[in-house]
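>>> can't give you the sequence, but here's the structure:
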């Protein structure tokens, strides 16, 4: 039986995008609207909070040090030493949209999606930010871009539209970074919550945080649900494998938009959780630029 445990009672407004840095043995994660970049050391249990001057929506670790991410005003870099954000490109511009979630592929490209400010108009895009500083729009027509991942053989990319409660699969070319043949793989029923952030384990199974679903679900590569691991919070937001041998699944959560009564009923809302699932994850790729 999987037994989730709270490893950091941080009361995140909107905790998101956990990323394990194996070189340092720490978990990076963000609180989007606080806004902060966080470095959690599971050995000491300490969390170092880096306050930023603008909202941060997704991150990945850079090979040359520091963090790449999507921010309130574009895609760029943040220096963890002082929280300074350097914007490189802004593909959204004046559109009524903002970024939401992102991840690096194994060739060091940073992918991030956007969403409509009203959460429902399908103007969201999927962007790819390459090491040469060029950003490309790879697909469009999403309500609320969310979690993503890649199969262990790099033949498939997964991408979530929270607004459609759907996880899509693409044919993926790891050499060129091209995607094709978008098709729905998983549609989560409204009664089970909304698919949020996700990760892929070494066996090719998808682990998906279920916003308003009180847990994390595991799906096989065909989209069949294998199991659900309950959590004591209504709004899990994302997950990532880390720890020794990538055997620990870390899960972020949120307390945003919960009523006073709901927060009282789930005092760990916004906490960071960890669990041993009996499966192992894969090394988190770093941005090549």
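Noted; the coordinates are in hand. Worth saying up front: this structure is predicted, and the values here are computed from it rather than measured.
>>> what pLDDT does residue 73 get?
pLDDT recorded at residue 73 is 89.
>>> so what's the closest residue to it other than its chain neighbours up against?
Nearest non-adjacent residue to residue 73, counting by CB to CB, 6 or more residues apart in numbering: residue 87, 5.5 Å away. All C-beta spots, glycine's among them, are computed from the backbone N, C-alpha and C. Taking CB atoms under 8 Å, 6 or more residues apart in numbering as the criterion, residue 87 is in contact with 71, 73, 74, 75, 76.
>>> excluding its backbone neighbours, what's nearest residue 3?
residue 275 (6.7 Å).
>>> quick check, the one you found in contact with residue 7.
No. Using CB atoms under 8 Å, residue 275 is not in contact with residue 7, being 9.7 Å away.
>>> picking up where we left off before, do you know how far the residue nearest to residue 3 is from residue 265?
Taking CB to CB, to the nearest Å as the measure, residue 275 falls 22 Å from residue 265.
>>> the more surrounded of the two?
residue 275 (18 against 12; other CB atoms under 10 Å).
>>> in which helix or strand does that one reside?
Residue 275 is part of strand 272-276, with elements assigned from DSSP states H and E.
>>> what strands flank that strand, and is each parallel or antiparallel?
strand 5-8 (antiparallel), strand 248-253 (antiparallel) (DSSP bridges).
>>> tell me the spacing between the nearest residue to residue 46 once chain neighbours are set aside and residue 6.
Ranked by CB to CB, 6+ apart and with sequence neighbours excluded, the top spatial neighbour of residue 46 is residue 40, at 7.6 Å. Residue 40 sits 12 Å away from residue 6, going by CB to CB.
>>> what do those two both touch?
In contact with both residue 40 and residue 6: residue 272, using CB under 8 Å, 6+ apart.
>>> between the two, tell me which one has more neighbours.
residue 40 (23 against 16).
>>> the more buried one in helix, strand or coil?
Secondary structure assignment for residue 40 (DSSP: H, G, I helix; E, B strand; the rest coil): strand.
>>> what's near enough to touch it?
Applying CB under 8 Å, 6+ apart, the residues near residue 40 are 7, 8, 26, 27, 28, 29, 46, 47, 48, 272.
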